[in-house]
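K.L.:
only geometry, no sequence info:
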Ligand SMILES: Cc1cc2nc3c(=O)[nH]c(=O)nc-3n(C[C@H](O)[C@H](O)[C@H](O)COP(=O)(O)OP(=O)(O)OC[C@H]3O[C@@H](n4cnc5c(N)ncnc54)[C@H](O)[C@@H]3O)c2cc1C
């Protein structure tokens, strides 16, 4: 019997399928199936605490003379050092090489010191790094490691008039310099989707979780009094960064009412640090382990041009009163390579990296940890944060029936 005969036998009325309303999210933009995070406090295998080298006036790139030595400063990058390092290095090295010295010294081997040293080597100078710690022991590797170029970078009231222009130049040069690391083996620098989950519409006040610690009374006088007092410049580089897209309910894979998503860059410290160190030595760079106790000691170095990349230590070394410690803590869950995204929910951020899933509490915004130089681990803080993520994934995935 032909197909026509088959159709003729069917007596039941055929009801046309009710067309589903078209989603406002295009197929290409719909989130893929996401692997859940195994968010339990017993899976923490590391905690890192660090103080951001925040400078209320923005990073110091001034030049000063110490004896017969020209010192070019390059410190004070707050919560943006990984992001701005290449741009800041470019500016510092241009100043350092302005008198065409054959050799220069770099003090410090954090992300700012290492990128400054490589930039000078690429420009043809001989470079010696003097440092008391190598990269894996520096504060740099205790960071979160996302592209956050205007995180705690200055106070609006204290940033120099044209700092926005300087910042933009730094951010754009860095972005260009990071480009070659994308797609390299081990993903030293990579992109990830970042989901922003909220219980109330984004941009409106969120319900306050009573279990979260309140901000302690300020241990400083004057500003800042809120996150709004910190300078923000990211609108200036909107043309190179992905925008945030709201995800309607049919494209929201999470058991939370509101979701938005962006795609951002992040750093895998181990691979990236390894590549930088390798390039430094391959270009003939030398490292001398040394702990300086006073600026005058720099005048005794054989190199007569020094780039000073001492990070937060610059506060005491140079008696820089504009430097303020901003404490930050990250907890690290055992790596899950199948988890390939970041999310922020109820003041907690997680970011899946090759060396672990970073968990960080964000309550109180930019004021969190301000003027706090305590670098001891507060395990309760990370446990509270992971509990938020544990509760989220206990209801994951949301039924899409
Ligand atoms: C919790 C947290 C999260 C962060 N997240 C991000 C992020 O997501 N994205 C981002 O871009 N940035 C982030 N940051 C900021 C970033 O980590 C810093 O801006 C950056 O690491 C500063 O690097 P640095 O090289 O100036 O300082 P450091 O890493 O502190 O390096 C200073 C170097 O100077 C040496 N040194 C200091 N004094 C002396 C001396 N007297 N003699 C000899 N050597 C000396 C030290 O040994 C060290 O080698 C974060 C920071 C924290 C704390």
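P.N.:
Right, received. Where do you want to start? Values in this document were obtained by computation on a predicted structure and should not be read as measured data.
K.L.:
And the residue of the stretch 151-300 of the chain that's closest to the ligand?
P.N.:
residue 292 (3.9 Å; CB to the nearest ligand atom). Just so you know, the C-beta spots here come from the backbone N, C-alpha and C atoms, and that holds for glycine as well.
K.L.:
check contacts around that residue.
P.N.:
Counting by CB atoms under 8 Å, 6 or more residues apart in numbering, residue 292 touches 107, 130, 298, 317.
K.L.:
what's the spacing between residue 99 and the ligand?
P.N.:
24 Å (CB to the nearest ligand atom, to the nearest Å).
K.L.:
Can I take it that that residue is in a helix?
P.N.:
No: looking at residue 99 with DSSP: H, G, I helix; E, B strand; the rest coil, it is coil, so not inside a helix.
K.L.:
just the strands in the chain please.
P.N.:
44-55, 63-66, 69-73, 103-107, 126-131, 189-198, 245-247, 258-267, 286-289, 305-308, 323-333, 341-345, 348-353, 356-361 (DSSP state E).
K.L.:
Skipping its backbone neighbours, what lies nearest residue 151 in space?
P.N.:
In space, residue 151 comes closest to residue 79 once its chain neighbours are excluded; the distance is 3.4 Å by CB to CB, 6 or more residues apart in numbering.
K.L.:
burial measure for the one you found, as a count.
P.N.:
23 (other CB atoms under 10 Å).
K.L.:
Kindly report the same for residue 286.
P.N.:
Neighbours of residue 286 (other CB under 10 Å): 13.
K.L.:
got the contact list for it?
P.N.:
Counting by CB under 8 Å, 6+ apart, residue 286 touches 127, 128, 129.
K.L.:
Quick one: which of these is the most crowded by neighbours?
P.N.:
residue 127 leads the contacts of residue 286 on contacts (other CB under 10 Å) with 26 neighbours.
K.L.:
quick one: that residue from the ligand, how far?
P.N.:
15 Å.
K.L.:
Which residues are in contact with that residue?
P.N.:
Residue 127 neighbours (CB under 8 Å, 6+ apart): 103, 104, 105, 106, 117, 120, 121, 280, 284, 285, 286.
K.L.:
And the second one, how far from residue 113?
P.N.:
From residue 104 over to residue 113 the distance is 12 Å, taken as CB to CB, to the nearest Å.
K.L.:
And these two? Which one has more around it.
P.N.:
residue 113 (28 against 25).
K.L.:
The more buried one contacts residue 129, doesn't it?
P.N.:
Yes: using CB atoms under 8 Å, residue 113 is in contact with residue 129, at 6.1 Å.
K.L.:
any shared contact partners between the two?
P.N.:
Taking CB under 8 Å, 6+ apart as the contact rule, residue 113 and residue 129 both touch 106, 107.
K.L.:
Compile the contacts of residue 286 into a markdown table and extend it with columns for pLDDT.
P.N.:
Shown next, in a markdown table, are the contacts of residue 286 (pLDDT from 0 to 100):
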| residue | pLDDT |
| --- | --- |
| 127 | 98 |
| 128 | 98 |
| 129 | 98 |
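K.L.:
So which residues of the stretch 101-250 of the chain form helices?
P.N.:
All helices of the stretch 101-250 of the chain, identified by DSSP state H, counting those that start in this stretch, fall at 111-122, 163-178.
K.L.:
Enumerate the positions of the longest one that are buried.
P.N.:
For helix 163-178, the buried set under the neighbour-count rule, 16 or more other CB atoms under 10 Å, comprises 163-164, 166-168, 170-175, 177-178.
K.L.:
And for stretch 326-336?
P.N.:
Using 16+ other CB under 10 Å as the test for burial, stretch 326-336 gives 326, 327, 328, 329, 330, 331, 332, 333, 336.
K.L.:
Let's have the residues you listed in CSV, adding distance to residue 310 and pLDDT.
P.N.:
Shown next, in CSV, are those (distance: CB to CB, whole Å; pLDDT from 0 to 100):
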residue, distance to residue 310, pLDDT
326, 17, 98
327, 19, 97
328, 19, 98
329, 22, 98
330, 22, 98
331, 28, 98
332, 26, 98
333, 32, 98
336, 36, 98
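K.L.:
which of these lies closest to the ligand?
P.N.:
residue 328 (2.5 Å).
K.L.:
List the contacts of the closest one.
P.N.:
Residue 328 touches 49, 50, 51, 52, 79, 143, 144, 360, 368, 369, counting by CB under 8 Å, 6+ apart.
K.L.:
Test my guess that the last one contacts residue 360.
P.N.:
No: using CB under 8 Å, residue 369 is not in contact with residue 360, being 10.9 Å away.
K.L.:
so who does residue 175 touch?
P.N.:
Going by CB under 8 Å, 6+ apart, residue 175 touches 237, 240.
K.L.:
can you do 6 Å?
P.N.:
By CB atoms under 6 Å, 6 or more residues apart in numbering, the contact list for residue 175 reads residue 240.
K.L.:
Around the ligand, which positions in the stretch 151-300 of the chain sit nearby?
P.N.:
By CB under 6 Å from any ligand atom, the part of the stretch 151-300 of the chain that sits against the ligand consists of 290, 291, 292.
K.L.:
Just grab the bridge partners of the nearest residue to the first one once chain neighbours are set aside for me.
P.N.:
Distance criterion CB to CB, 6+ apart; nearest residue to residue 290, sequence neighbours excluded, is residue 130 at 4.4 Å. Beta-bridge partners for residue 130, by DSSP bridges, are residue 107, residue 288.
K.L.:
so residue 130 makes contact with residue 289?
P.N.:
No: between residue 130 and residue 289 there is no contact under CB atoms under 6 Å: 8.0 Å.
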